[in-house]
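Enquirer: sequence-free structure coming up:
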């Protein structure tokens, strides 16, 4: 799933490529991808892109006061093209969900395709007058990279810390992969309870949260969209590396599989050497 650093890189790329260009049209390849009906998709043609912004994991393309908002969900991605054919895309069951064309007036249409792999469809596009009209944006918690962000007031909840920092209504932008990375740097169990953390643990967690995300944003910045996925995978310390040595202590990275997802952690670094069996049988370790 694209998370804050990858979405931020996509937003910066789109802003460089699209700002000032005229929208030639938006085409849909899936009936389910567009979640709104007013303004209509046809109203975008001929309008000018005025900027691209990020809200958590949402991409917000502003077009003369109208906002085209995209959420890539778990298996979505964005593919840029410098030369689209004139043929419009067709509705179907394939991975191509939508296409946005821009016209620079001096050549073939450019723009991007939004695609989604697999059969479980979660990718969403909204066309709205205010980004806060998108329910997911209206419900977002604070962005951990904005000035003045404080983690401590968000931790007064009796819930597992991994679940908390992934909850978009509490903290915007962090998903499964970076939550594993953040907790590894903070040396905290993913099953630790947020409202039981000590002051020292909270300080470690806040530092790790911002350090991991800022480093990832810096490393993703400027990379083409096609390289961002591989770049993310190669940066991971523990996520997706079960059975490999921990880069900090050399112990094996371990895995917990649950509810169609999984987490990776280092027992030596994060749980005092205790192996977490699974979510239902493991103790909530600190």
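Expert: Done, it's in. As the structure is a prediction and not an experimental result, all values here were calculated from the model. Residues are numbered from 1 along each chain as shown.
Enquirer: now stretch 155-167: how far from the chain's centre is it?
Expert: 18 Å (C-alpha atoms, centre = their mean, to the nearest Å).
Enquirer: for the chain, which helix is longest?
Expert: helix 199-220 (DSSP state H).
Enquirer: helices and strands around it, which ones?
Expert: Contact here means 3 or more C-beta pairs under 8 Å, 6 or more residues apart in numbering; DSSP states H and E; on that basis helix 199-220 packs against helix 4-18, helix 176-186, helix 225-235. For the C-beta atoms, the positions are set from N, CA and C on the backbone; glycine is no exception.
Enquirer: just the residues contacting that helix, thanks.
Expert: With contact meaning C-beta atoms under 8 Å, 6 or more residues apart in numbering, helix 199-220 is reached by 4-6, 8-9, 144-145, 149-152, 155, 161, 165, 171, 173-174, 178, 181-183, 185-188, 192, 197, 228, 231-232, 235, 286.
Enquirer: returning to what we had before: highest average neighbour count across the helices and strands packed on helix 199-220?
Expert: helix 176-186 (a mean of 25; mean count of other C-beta atoms under 10 Å).
Enquirer: chain center to that one, what's the gap?
Expert: Worked out by C-alpha atoms, centre = their mean, helix 176-186 lies 14 Å from the chain centre.
Enquirer: with stretch 203-217 instead?
Expert: The answer for stretch 203-217 is 16 Å, by C-alpha atoms, centre = their mean.
Enquirer: ditto for stretch 266-280
Expert: 26 Å.
Enquirer: kindly report the same for stretch 238-250.
Expert: Distance, centroid of stretch 238-250 to centroid of chain: 23 Å (C-alpha atoms, centre = their mean).
Enquirer: now swap in stretch 220-235 and tell me
Expert: The answer for stretch 220-235 is 13 Å, by C-alpha atoms, centre = their mean.
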